[in-house]
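Colleague: After the sequence you'll find the predicted model.
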Amino acid sequence: MTTTVKPWDARLAAWLVAPLCNSTVTPNLLTTIRLLVGTLGALLFAHGEYVNFAALAVVVSNFLDHTDGELARMSGKTSRFGHNYDLTSDAFVTVGLFIGIGWGLAPELGTRAIWMGLLAGAAVAGIFQLRNLLENQHGKVATAQARLAGVEAEDILYLLPLVTLSDGLPSFLYAAAVGAPAAFVIVLIQYRRWKALPS
């Protein structure tokens, strides 16, 4: 079900960055911080021994992903470079997350964990690429995510600390290895439908 309710994390991000509108803090700086924190999370997952800290870093990074766009819109500092930088950072962090989890679980699950992480990461990379093509051809309306009561599908990452605290990371990886390729197929079908329309 899709509604027009703005995601709750985006609303909170807007409230937090509002005082920064007239400061020297730029949206691209917030994107860089998000990228660094998310990369740290992926590396910690790959290490395999600090998964709770890794999950916390991913949650913080996922939230920070909303701050740059909110600041850009409120301060009038939107730019094509900033938008592309944000999308690239999103893809890098999310792909790195799954690869890192797979790498970190290899001692427990064997090399199949690495392959599952790579499969999920490749599917996510494909999804980002298709969504980017859709947005360039048909605008943001073509890439609008389903949301219910201010919650989007990607918000499931906020539950990652619960997954690590309950030792559920292997199950999470198995689910990602199935779910991410399935999501790619869905986005591919959407892409083909939109491509048939005039740009």
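Modeller: That came in fine, so what should we check first? It should be emphasised that the depicted structure is a prediction, and the values quoted were computed from it without experimental measurement. Residues are numbered from 1 along each chain as shown.
Colleague: So for residue 101, what's the pLDDT?
Modeller: Residue 101 is assigned a pLDDT of 97 by the prediction.
Colleague: and residue 23, which of the three is it?
Modeller: What DSSP: H, G, I helix; E, B strand; the rest coil gives for residue 23 is coil.
Colleague: Just give me the neighbour total for it.
Modeller: 10 (other CB atoms under 10 Å). C-betas here are computed from N, CA, C, even on glycine.
Colleague: do the same with the one 3 residues further on
Modeller: Taking other CB under 10 Å as the neighbour definition, residue 26 ends up with a count of 17.
Colleague: Roughly how far does it sit from residue 40?
Modeller: Counting by CB to CB, to the nearest Å, the gap from residue 26 to residue 40 is 21 Å.
Colleague: Let me know the next secondary structure element after the top helix by length along the chain.
Modeller: In the chain, with assignment by DSSP state H, the single longest helix is helix 80-109. Next helix or strand after helix 80-109 toward the C-terminus (DSSP states H and E): helix 111-138.
Colleague: So what touches stretch 184-199?
Modeller: Outside stretch 184-199, the residues within contact range by CB atoms under 8 Å, 6 or more residues apart in numbering are 123-124, 126-127, 130-131, 133-134, 137-138, 142.
Colleague: So which of those residues sits lowest on pLDDT?
Modeller: Confidence-wise, residue 142 trails the rest of the contacts of stretch 184-199, at 57.
Colleague: Surely residue 68 touches residue 78?
Modeller: No: with contact defined as CB atoms under 8 Å, residue 68 does not reach residue 78; the gap is 10.2 Å.
Colleague: Where does pLDDT dip in the chain?
Modeller: 1-5, 138-153, 198-199 (pLDDT under 70).
Colleague: circling back: between the longest helix of the chain and helix 111-138, how big is the angle?
Modeller: Interaxial angle of helix 80-109 relative to helix 111-138 (axes from the mean of the first three to the mean of the last three CA atoms, to 10 degrees): 160 degrees.
Colleague: How about helix 80-109, which residues are buried there?
Modeller: Within helix 80-109, the residues scored as buried using 16 or more other CB atoms under 10 Å are 82-83, 85-87, 89-106, 109.
Colleague: Specify which residue of residue 68 and residue 78 has the higher count of neighbours.
Modeller: Counted by other CB under 10 Å, residue 68 and residue 78 do not tie: residue 68 has more neighbours, with 26 against 13.
Colleague: could you check the distance from the more buried one over to residue 61?
Modeller: Here the criterion is CB to CB. By it, residue 68 lies 12 Å from residue 61.
Colleague: what touches both of these two?
Modeller: Joint contacts of residue 68 and residue 61 (CB under 8 Å, 6+ apart) are residue 34.
Colleague: rewinding a little: make a markdown table out of the contacts of stretch 184-199 and add neighbour count and distance to residue 188.
Modeller: Converted to a markdown table, the contacts of stretch 184-199 look like this (neighbours: other CB atoms under 10 Å; distance: CB to CB, whole Å):
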| residue | neighbour count | distance to residue 188 |
| --- | --- | --- |
| 123 | 23 | 10 |
| 124 | 23 | 13 |
| 126 | 18 | 8 |
| 127 | 22 | 9 |
| 130 | 19 | 6 |
| 131 | 20 | 11 |
| 133 | 15 | 11 |
| 134 | 20 | 11 |
| 137 | 14 | 15 |
| 138 | 16 | 15 |
| 142 | 19 | 13 |
